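[1] Just a sequence and a predicted model for now, questions to come.
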Amino acid sequence: MTPLARLLVASQFAFNIGFFAVLPYLADHLGGALGLGGAMVGFVLGLRTFSQQGLFVVGGALTDHYGPRPVALVGCALRVAGFVWLAFAASPWSVIGAVVTVGFAAALFSPAVESEIAREALRVERAGGYRRTRTLARFSAGGQAGALLGPVLGSLLLYGGGAGHFRTSCLAGAGVFLLVLAAHARLLPHTAERAARTEQGDAGTEGGRAGAEGHVMAASEQDRAWRTVLGDRRFLLLALAYSTYLLAYNQLYLALPAELDRATGSQAALGWLFALSSAVVVVGSAPVERLAAGRLGRPAMIRAGLLLISLAFAATAALRALDGPWAAVSFTLLLTLGQMLVLPATRALLPDLAGERRLGLATGALSSLSGVVVLAAGAPVGALLEHDGPAPWLLLAVVPLLGLVLVPAQRPATATAETRPVSLPSM
């Protein structure tokens, strides 16, 4: 991969290590060490999710206006401040302020980095290098590797329990984000510099035009960009299709624990299943991308992933009759395989739908719109899962099938073969 792509993959890896070293243990800290009630704990966790997922569109718009570098740097700085604040927060209002800061930091950092890796993946593909889906699959694998190692780091730091150990975990997470901040400040190029280099290296080519489009968006263009992105029927169809994926993926945190409780009487194996999911992504992303992207277009990859996710729910309904955690294991593996197709293909399709100059806004809007859908569907899905038997799982299997139908077709102008030889250094 190119140096910029390596930086972005490494930063996603480190960012997730710091995040997952702290956040999985937040609920226990709030209810235990701080003595908050269940309703307050739920409110704080929901507020953190909203301040992150719901505000992605803000981070995306800022990225288009100012460029990815300043937005990513501010996001890193806020994440450092948020975790230091959380380490010493002792009152409900102080905790709320800290978690909102932590969430908003990700709402800035993630759209900036995700839109930049999409631009870089597109530039590499146009220059005759890797397919864009391969670069984006490695980006996803880097994030999952961080998600795998973060809880391990957190559990080591929290060994023995107590507020002091949680504080140590928060400060360690802040230290990780400080390193990410330093790396980005040192290595992440200014937008104008990147565009100039691209134009010099690809003068007169499509890659050069892509570099020219990499300039930040003028303030006068912002309103038109919002209308263009949110008024684009094909983008909205992709957002709805992605929402069905995200709703299904969130069942790792709702339906999967319920199934483990039913099958084994406890959730002791939940951490192992999360580790299994992350390990499959880390090991399998590259071969799955090579197998799928060489044979399928980007919309077809998304549809194939959604079909696998639907099969995950259907297989769980069928395997519930067996003793042991087999239904849960099957669900985790099939859902993860579907994720490995949907995520890189969706990110790779965004530049075709929104254009590179609006890529930050499109990335943020995709997450925010799908987050709203998932938030609205959360309570009905929870009520559905209170019913025993295979019926809830079969009904949930329909959700990704609806998304499969909604995936927009690829424009003929961009539906070119993606089997160019690799001419850039490997990771």
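    Perfect, thanks for sending it. Numbering: from 1, shown residues only.
[2] contacting residues for residue 247?
    Neighbouring residues of residue 247 by Cβ atoms under 8 Å, 6 or more residues apart in numbering: 373, 374, 377, 381, 399. In short, each C-beta sits where N, CA and C put it, glycine included.
[3] ok, the residues you listed vs residue 84, which is closest?
    residue 374 (29.9 Å; Cβ to Cβ).
[4] which parts of the host helix or strand of that closest one are buried?
    Element membership for residue 374, per DSSP states H and E: helix 359-384. Across helix 359-384, burial judged by 16 or more other Cβ atoms under 10 Å covers 359-371, 373-375, 377, 381.
[5] what helices or strands is it leaning on?
    Contact here means 3 or more Cβ pairs under 8 Å, 6 or more residues apart in numbering; DSSP states H and E; on that basis helix 359-384 packs against helix 56-66, helix 92-126, helix 222-230, helix 233-249, helix 326-354, helix 391-406.
[6] Save those helices as a markdown table, and put in mean pLDDT and distance to residue 286 too.
    As requested, the helices and strands packed on helix 359-384 are exported to a markdown table (pLDDT from 0 to 100; distance: least, Cβ to Cβ, whole Å):
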| stretch | mean pLDDT | distance to residue 286 |
| --- | --- | --- |
| helix 56-66 | 84 | 27 |
| helix 92-126 | 88 | 14 |
| helix 222-230 | 64 | 31 |
| helix 233-249 | 88 | 21 |
| helix 326-354 | 88 | 10 |
| helix 391-406 | 94 | 24 |
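[7] of those, which approaches residue 21 most closely?
    helix 92-126 (12.5 Å).
[8] And that closest one, what's buried?
    Neighbour-count burial for helix 92-126, counted by 16+ other Cβ under 10 Å, picks out 95-96, 98-126.
[9] For stretch 72-89, which outside residues touch it?
    By Cβ under 8 Å, 6+ apart, the surrounding residues in contact with stretch 72-89 are 15, 18, 22, 59, 94-95, 97-99, 101-102, 104-110, 112-113, 116, 166-167, 170-171, 173-174, 177-178, 180-181, 184-185, 188.
[10] Can you tell me what sits against stretch 385-392?
    The contact list for stretch 385-392 (Cβ under 8 Å, 6+ apart) reads 254, 255, 258, 262, 317, 318, 320, 384.
[11] Please repeat the previous calculation with a cut-off of 10 Å.
    Here stretch 385-392 makes contact (Cβ atoms under 10 Å, 6 or more residues apart in numbering) with 251, 254-255, 257-259, 262, 313-314, 316-321, 327, 381, 383-384, 393, 395-397.
[12] Going by distance to residue 305, which of the contacts of residue 247 wins?
    residue 399 (13.4 Å).
[13] what's the neighbour count on the closest one?
    Residues lying near residue 399 (other Cβ atoms under 10 Å) number 21.
[14] what's the distance between the helix or strand where residue 306 lies and the middle of its chain?
    Here residue 306, judged by DSSP H and E, is contained in helix 298-319. The chain centroid and the centroid of helix 298-319 are separated by 19 Å under Cα atoms, centre = their mean, to the nearest Å.
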